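In: predicted model, plus sequence, below.
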Amino acid sequence: MMMTVSERIGRACLVIVVWAGLAFLTLPLAIIVAVSFTETEYLKFPPQGFTFRWYERFLADSSYLESIGLSASIAFGATAIAVLIGVPAALAITRSSLPGRGVVNAIFLAPLILPTIVIGAALLQYASALGFARSYAALLLGHVVIVVPYILRTVLASLARFDQSLEEASLDLGASGVSTFFLVTLPIIKPGIVAGALFALIISWINVELSIFNSTASLMPIPVKLFNYVQYAIDPMVAAISAGTIYVAIVAVVILDIFVGIDRVAASQK
């Protein structure tokens, strides 16, 4: 069936809008990566020359490597804990007949509504009252709070289309509840868990607002360290550090596509 002139114009406009949006999102990232290789002592685009000097300076500073290790530890730790909390919570919200499920759901999703800086300030006061403010435990707790909603939301989306007759068939065939969960339920909701975990990792990795309230000179995630650095100096090393975070995000997406598949993850959220 041939398209009409108006349909062709509409499709062309849609393509233009899509490409314009893609360019708007990716060009700033491309500029940051390009500037990180410039030979000048200041930020300049287009970059002049090509050098790894700013990456070498960045990686030669042990404090930055420690900050990267701390951020990675917090991000992976918070994501793992969030999965252990979010998956059972999602199952309870969708399967339980107890009253108050809506309230529980709202409480878990509240960090998506509250400004992160407010959560950081509240966590500082709470941790100070209990005697563990500005510690690794405080940072980890705060990051768990802000990433749990992402796990919960994506798992709830997967469970919304879940066919419970598959679990019933497994139980009728003699499988235990635990076996049914690991052999039937978990494989089906895995794309939602992986998608939520990816979001959680990225959100934790780039967080500044909450982390800055609970950081110290010896306990400083890389986003906070970068935030402090740009207050006193603006040079291509800033671009090199920022580009490093972009590389981490790209690697995470590639891993997701290899082991799960972007199409499956996207389909599980529809």
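Out: Sure, I can see it.
In: burial check on Ala217, number of neighbours?
Out: Ala217 has 7 neighbours, counted by other CB atoms under 10 Å. Where C-beta positions appear, they are placed from N, C-alpha and C, glycine not excepted.
In: and for Ser96?
Out: Residues within reach of Ser96, counting by other CB under 10 Å, total 11.
In: over to Thr116?
Out: Using other CB under 10 Å, the number of residues around Thr116 comes to 19.
In: measure Leu173 to Gln125 for me?
Out: To Gln125, Leu173 is 53 Å away according to CB to CB, to the nearest Å.
In: who has more neighbours out of these two?
Out: Neighbours per residue (other CB under 10 Å) separate Leu173 from Gln125, with Gln125 holding more: 11 against 8.
In: is it correct that the more buried one falls within a helix?
Out: Yes. Assigned with DSSP: H, G, I helix; E, B strand; the rest coil, Gln125 falls within a helix.
In: convert stretch 46-66 to CSV, retaining C-alpha atoms only.
Out: This file holds the C-alpha atoms of stretch 46-66, laid out as CSV (Å, rounded to 0.1, in the frame of the first residue of the first chain):
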residue,chain,number,x,y,z
PRO,A,46,37.9,21.4,18.1
PRO,A,47,40.9,19.9,20.0
GLN,A,48,44.4,20.8,18.9
GLY,A,49,46.6,17.8,18.3
PHE,A,50,46.2,14.4,19.9
THR,A,51,47.6,13.2,23.3
PHE,A,52,46.8,10.8,26.1
ARG,A,53,48.6,13.2,28.5
TRP,A,54,45.5,14.1,30.4
TYR,A,55,44.5,10.5,30.9
GLU,A,56,48.0,9.7,32.1
ARG,A,57,47.9,12.5,34.6
PHE,A,58,44.5,11.4,35.7
LEU,A,59,45.5,7.8,36.1
ALA,A,60,48.8,8.7,37.7
ASP,A,61,47.0,10.4,40.6
SER,A,62,46.4,7.7,43.2
SER,A,63,43.6,9.7,44.8
TYR,A,64,41.5,9.6,41.7
LEU,A,65,42.0,5.8,41.4
GLU,A,66,40.9,5.5,45.0
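In: which residues sit in contact with Pro115?
Out: The contact partners of Pro115, by CB atoms under 8 Å, 6 or more residues apart in numbering, come to Glu209.
In: now do the phi/psi pair for it.
Out: phi -60, psi 140 (degrees, to the nearest 10).
In: now the strands for the protein?
Out: In the chain, no strands are found when defined by DSSP state E.
In: can you list the low-confidence ranges for it?
Out: 1-3, 256-257, 259-270 (pLDDT under 70).
In: hmm, 90 instead?
Out: 1-15, 18-19, 21-69, 72, 88-135, 138, 153-199, 201-203, 205-220, 222-270 (pLDDT under 90).
In: what count of nearby residues applies to Leu65?
Out: Using other CB under 10 Å, the number of residues around Leu65 comes to 13.
In: may I ask you to name the longest helix in the protein?
Out: Across the chain, the longest stretch assigned as helix under DSSP state H is helix 62-95.
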